[in-house]
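**Q** Would you be able to build a 3D model of this:
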Amino acid sequence: MSLTKAISPTLRIGAIAARGPVAQRIAGLRVVDDFFVSRVLQEATVDFLSGSAWPTHLRSLGAPLRRRRDALMVAVARHLPDVEFDVPLGGTSIWIALPRGVDDEALVQAAASLGVRFQSGRRFFIGEASRPFVRLAFAAIDENSMEEAMERTSNAFASTVG
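**A** Residues are numbered from 1 along each chain as shown. As a prediction, this is how the structure comes out:
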């Protein structure tokens with residue numbers, strides 16, 4: 001899990017190590033974001049991480065995130081039996097491996113048209129992925145909404161496959 005997800009879902013701070021053409025490509029894409037992170041935001045983050053509230057905050061996140069993760073995994077297994085996923089040991093998202101040949105971008109668009117938003121896995125790979133993936137985030141979703149969201153996603157999946 002990234003530091004930013006634990007502090008605030010809208011706060012973004014990160015680092016990448018790369019060389020050669022990959023480093024050039026990433027640098028070109030990140031110039032605006034990386035050069036304009038507010039100093040005030042950086043200092044606030046340092047203060048938060050150095051304070052005594054940080055360990056307590058991390059401990060308080062565990063149970064709610066596990067409940068949301070578990071609810072999402074149950075809903076995925078029930079409504080999307082043709083996909084594969086592993087139980088994440090941490091973090092705030094589940095990576096779903098789609099059957100080969102499924103267009104992950106088309107699934108994302110079809111689900112969005114039904115009111116469910118998630119991300120195509122291809123945005124997270126520098127090269128080509130071995131198969132199509134989607135990334136389902138659960139940190140900010142009420143666990144009672146997971147079932148309906150995955151039912152709608154199942155309908156979107158059916159519309160993109162058949």
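**Q** Which residues are in contact with residue 136?
**A** Residue 136 sits next to 72, 76, 93-96, 118 when contact means CB atoms under 8 Å, 6 or more residues apart in numbering. From N, CA and C alone the C-beta is placed, and that goes for glycine too.
**Q** Return the closest of those with respect to residue 45.
**A** Using CB to CB, residue 93 comes nearest to residue 45 of the contacts of residue 136, at 21.6 Å.
**Q** Residues in a beta bridge with that closest one, which ones?
**A** Using DSSP bridges, the beta-bridge partners of residue 93 come out as residue 137.
**Q** how much space between it and residue 19?
**A** 27 Å (CB to CB, to the nearest Å).
**Q** Which one's more surrounded, these two?
**A** Applying other CB atoms under 10 Å to residue 93 and residue 19 shows that residue 93 carries more neighbours, namely 19 against 7.
**Q** Okay, that one and residue 161: tell me how far apart.
**A** 23 Å.
**Q** then stretch 48-55 to PDB, C-alphas only?
**A** In PDB, the C-alpha atoms belonging to stretch 48-55 read as follows (Å, rounded to 0.1, in the frame of the first residue of the first chain):
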ATOM      1  CA  PHE A  48       2.400  13.600  10.000                       C
ATOM      2  CA  LEU A  49       4.800  10.600   9.600                       C
ATOM      3  CA  SER A  50       7.000  11.800  12.400                       C
ATOM      4  CA  GLY A  51       4.200  12.200  14.800                       C
ATOM      5  CA  SER A  52       2.800   9.800  17.300                       C
ATOM      6  CA  ALA A  53      -0.600   9.600  15.500                       C
ATOM      7  CA  TRP A  54       0.900   7.700  12.500                       C
ATOM      8  CA  PRO A  55       1.200   4.200  14.100                       C
END
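**Q** buried sites along that stretch?
**A** Residues of stretch 48-55 classed as buried by neighbour count (16 or more other CB atoms under 10 Å): residue 48.
**Q** where does the closest residue to residue 76 other than its chain neighbours land on pLDDT?
**A** Counting by CB to CB, 6 or more residues apart in numbering, residue 76 lies nearest to residue 150, which is 5.6 Å off, once chain neighbours are set aside. Looking at residue 150, its pLDDT reads 96.
**Q** which SSE is residue 150 in?
**A** Assigned by DSSP states H and E, residue 150 belongs to helix 146-161.
**Q** Counting by contacts, list what that helix packs against.
**A** Here helix 146-161 touches helix 53-79, helix 104-113, going by 3 or more CB pairs under 8 Å, 6 or more residues apart in numbering; DSSP states H and E.
**Q** Export the ones you listed as TSV, with columns for distance to residue 142 and mean pLDDT.
**A** TSV is the format used below for the helices and strands packed on helix 146-161 (distance: least, CB to CB, whole Å; pLDDT from 0 to 100):
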stretch	distance to residue 142	mean pLDDT
helix 53-79	8	90
helix 104-113	18	95
